[in-house]
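Participant: This is a predicted model, with the sequence first.
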Amino acid sequence: MTEESAQRKGISRRGLFGAAGAAVATGVAGYAAHSVLAGEESQAADTTGPVEFHGEHQAGIITPVQDRLHFAAFDVTTTKRAELVSLLKEWSAAAALLTAGRDIGQYGAVNGPGEAPPEDTGEAVGLPPARLTLTIGFGPSLFDKRFGLASKRPQALVDLPHFIADDLDPNRSGGDIAVQACSDDPQVAVHAIRNLARIGFGRVAVRYSQLGFGRTASTSRAQTTPRNLFGFKDGTNNLKLEDTAKLEQQLWVQPDDGPDWMVGGSYLVSRRIRMNIEIWDRTSLGEQESIIGRGKGTGAPLGKADEFDAIDFEAKNSDGDLKVAKEAHIRLAHPSFNNGAELLRRGYNFVDGSDGLGRLDAGLFFLAYQRDPRKQFIPVQNQLARSDVLNEYIVHVGSGIFACPGGVTAGSYWGEKLFA
Ligand SMILES: C=CC1=C(C)c2cc3[nH]c(cc4nc(cc5[nH]c(cc1n2)c(C)c5CCC(=O)O)C(CCC(=O)O)=C4C)c(C)c3C=C
Ligand SMILES: [Fe+2]
């Protein structure tokens, strides 16, 4: 069967890539609700298969981090609530198809009438789902007067304060709605955002978007720890999907937290952090390790041998100096110096060409999910902004905060409870 004839029969792109495709060919609605542990762990190994869109929580949060990102923040351009609701319904239907590795619409990319533009833009034809996840979040600005949502704004969805040394570009910050597309294939992630933007024409407009390559965190113990553009292992002490009790404490909004429409959801903070890699590259290895507080090779805390050894914040070297310096990044960010606060980090490296001054426009697109940013990202970032030596090498240039509701069940849509 050719690729085209398979699609005409409603078989997914993934269906042509082996046994796992057989499940997809039974149709999107045929999936069991997504299993948090067994399913998520096996996804870490298979980089081509689908990740279930429907479930208790949105996919793309604890899903083992994929290798590529396309993140888009949208401004809502329609002022009509009904049009926004229709868009969210259309987006949800499309997201279920896209994440299953299928073309969107009735006819997809190539089977529609020759007189009309194709329903699907086509650049993912022939590609497997590549673990595509699409995760939606609503920014504070969506809760203004336009759509009658002011009373539904979660208290935890605060406007982020100004942090010392922030140099935020308003054109790379904020947004009414964010969609995080993660996949192990960059073309699959880009195709998804492009098609959602296209569906949204006349109702939403892309405010800014960010491509990311190379995950800078792991969210499962089944994944190895990747490296950031400073060359350090990043994501060692991250919240992991296996820590189910901790996820309830630190990640998922609980029934008593309110509002009801956010239960099972999480808050996303995004920060575009420019890294002065040319300056970093002229810094000695010892200084680099002292700034982070970990060895560059092993990723072990200074004074320890292995990456996952516990950090000893009291240990001193023979000169009486702390092995993990007072202002080392891992000390200032650690839960024991932040009232127990933790984050689920799932950021990406970026290089967006150069800045016209001979320096790469490179850095970390920091993404962190949490139960309450007032108790987690904000105090941690305040402490980092005040004292972290890493600040000599980085600058925060973009920022966003989004309320990501709980998962979508079959037959429902993104944000249904918010608009109920
Ligand atoms: C506000 C939160 C954080 C920002 C912003 C941030 C930026 C940032 N981090 C690195 C590199 C590393 N960070 C590491 C650990 C780490 N970072 C944060 C938080 C923020 N980082 C936390 C909570 C932790 C874990 C601390 C702990 O509990 O031990 C590490 C070490 C490896 C690891 O555990 O992940 C590195 C390396 C950069 C380069 C950066 C901005 C560009
Ligand atoms: Fe960090």
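Facilitator: That came through, no problem. Numbers count the residues shown, from 1 in each chain. Ligands and ions are numbered 1, 2, ... in the order given.
Participant: Get me the contact residues on the stretch 301-420 of the chain for ligand 1.
Facilitator: Residues of the stretch 301-420 of the chain lying close to ligand 1 by C-beta under 6 Å from any ligand atom are 329-330, 333-335, 343, 364, 366, 377, 380-381, 384, 394. No exception for glycine: its C-beta is placed from N, CA and C like everyone else's.
Participant: now with 8 Å?
Facilitator: 301, 311, 329-330, 333-335, 338, 342-343, 345, 347, 363-364, 366, 368, 377, 380-381, 384, 390, 393-394, 396 (C-beta under 8 Å from any ligand atom).
Participant: Go ahead and confirm residue 125 touches residue 109.
Facilitator: Yes. Judged on C-beta atoms under 8 Å, residue 125 makes contact with residue 109 at a distance of 5.3 Å.
Participant: Mind checking which of those two has more residues around it?
Facilitator: residue 109 (20 against 16; other C-beta atoms under 10 Å).
Participant: Spatially nearest residue to that one (excluding sequence neighbours)?
Facilitator: Excluding the flanking residues, the one nearest residue 109 by C-beta to C-beta, 6 or more residues apart in numbering is residue 122, at 3.6 Å.
Participant: Specify the local secondary structure of the one you found.
Facilitator: Under DSSP: H, G, I helix; E, B strand; the rest coil, residue 122 falls in the coil class.
Participant: for residue 401, same thing?
Facilitator: Quick answer, by three-state DSSP: residue 401 is strand.
Participant: what's the spacing between it and residue 104?
Facilitator: 29 Å (C-beta to C-beta, to the nearest Å).
Participant: which ones are touching residue 216?
Facilitator: 226-228, 234-235, 345, 347-349, 364 (C-beta atoms under 8 Å, 6 or more residues apart in numbering).
Participant: The same query, at a cut-off of 7 Å, please.
Facilitator: Residues in contact with residue 216 (C-beta atoms under 7 Å, 6 or more residues apart in numbering) are 226, 228, 234-235, 347-349, 364.
Participant: By neighbours, which of those wins?
Facilitator: Using other C-beta under 10 Å as the neighbour criterion, residue 348 leads the contacts of residue 216 with 27 neighbours.
Participant: Is that residue bridged to anything, and to what?
Facilitator: residue 215, residue 365 (DSSP bridges).
Participant: going forward can the numbers begin at 815, since that is how I track them
Facilitator: Understood, numbering begins at 815; the last thing we discussed is residue 1162.
Participant: which one is residue 913 nearest to, not counting chain neighbours?
Facilitator: In space, residue 913 is closest to residue 867, 4.4 Å off (C-beta to C-beta, 6+ apart).
Participant: just checking, the one you found is part of a helix?
Facilitator: No. Counting by three-state DSSP, residue 867 is not part of a helix but coil.
Participant: so who does it touch?
Facilitator: The contact partners of residue 867, by C-beta under 7 Å, 6+ apart, come to 873, 909-910, 913, 1222.
Participant: quick one on the thing from earlier: could you turn the buried ones of the residues of the stretch 1115-1234 of the chain next to ligand 1 into a ChimeraX selection?
Facilitator: Of those, the buried ones go into a single ChimeraX selection, burial set by 16 or more other C-beta atoms under 10 Å:
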select :1115,1125,1143,1144,1147,1148,1152,1156,1157,1159,1161,1177,1178,1180,1182,1191,1194,1195,1198,1204,1207,1208,1210
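Participant: Now intersect the residues of the stretch 1115-1234 of the chain next to ligand 1 with the helices, please.
Facilitator: With DSSP state H as the criterion, helices contain 1143-1144, 1147, 1191, 1194-1195, 1198 from among these.
Participant: possible to save those as a markdown table with pLDDT?
Facilitator: Listed next are these as a markdown table, based on pLDDT from 0 to 100:
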| residue | pLDDT |
| --- | --- |
| 1143 | 98 |
| 1144 | 98 |
| 1147 | 98 |
| 1191 | 99 |
| 1194 | 98 |
| 1195 | 98 |
| 1198 | 98 |
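Participant: and the two most separated of the residues you listed?
Facilitator: Of all pairs drawn from those, the greatest distance, 16.6 Å, lies between 1144 and 1191 (C-beta to C-beta).
Participant: Strands of the stretch 865-1014 of the chain, start to end?
Facilitator: 882-890, 947-952, 991-997 (DSSP state E, counting those that start in this stretch).
Participant: Can you name every helix or strand that the shortest one contacts?
Facilitator: This points to strand 947-952. Counting contacts by 3 or more C-beta pairs under 7 Å, 6 or more residues apart in numbering; DSSP states H and E, strand 947-952 is packed against helix 895-913, strand 991-997, strand 1208-1218.
Participant: Give me the contacts around it.
Facilitator: So strand 947-952 is in contact with 865, 872-875, 877, 909, 912-913, 991-996, 1006, 1082, 1216-1218, 1228-1229, going by C-beta under 7 Å, 6+ apart.
Participant: Please list all residues in contact with residue 971.
Facilitator: Taking C-beta under 7 Å, 6+ apart, one finds 954, 1081, 1215, 1217 in contact with residue 971.
Participant: what is the second one paired to in the beta sheet?
Facilitator: Translated: residue 1081. Beta-bridge partners for residue 1081, by DSSP bridges, are residue 1184, residue 1217.
Participant: So it versus ligand 1, what's the distance?
Facilitator: According to C-beta to the nearest ligand atom, to the nearest Å, residue 1081 stands 13 Å off from ligand 1.
Participant: Count the neighbours of that residue for me.
Facilitator: Residue 1081 has 25 neighbours, counted by other C-beta under 10 Å.
Participant: Go ahead and confirm it touches residue 970.
Facilitator: Yes. Using C-beta atoms under 7 Å, residue 1081 makes contact with residue 970 at a distance of 5.9 Å.
Participant: Name the residues contacting each of the two.
Facilitator: Common contact partners of residue 1081 and residue 970 (C-beta under 7 Å, 6+ apart): 1186-1187.
Participant: tally of neighbours for residue 1185?
Facilitator: Around residue 1185 there are 24 residues (other C-beta under 10 Å).
Participant: Same question for residue 1137.
Facilitator: Neighbours of residue 1137 under the rule other C-beta under 10 Å: 18.
Participant: could you list every residue that touches it?
Facilitator: Listed by C-beta under 7 Å, 6+ apart, the contact partners of residue 1137 are 1116-1117, 1129-1131.
Participant: redo that, cut-off 10 Å
Facilitator: Residue 1137 makes contact with 1104, 1107, 1115-1118, 1125-1131, according to C-beta atoms under 10 Å, 6 or more residues apart in numbering.
Participant: Please name the nearest non-neighbouring residue to residue 970.
Facilitator: Counting by C-beta to C-beta, 6+ apart, the residue nearest residue 970 is residue 1186, at 4.7 Å.
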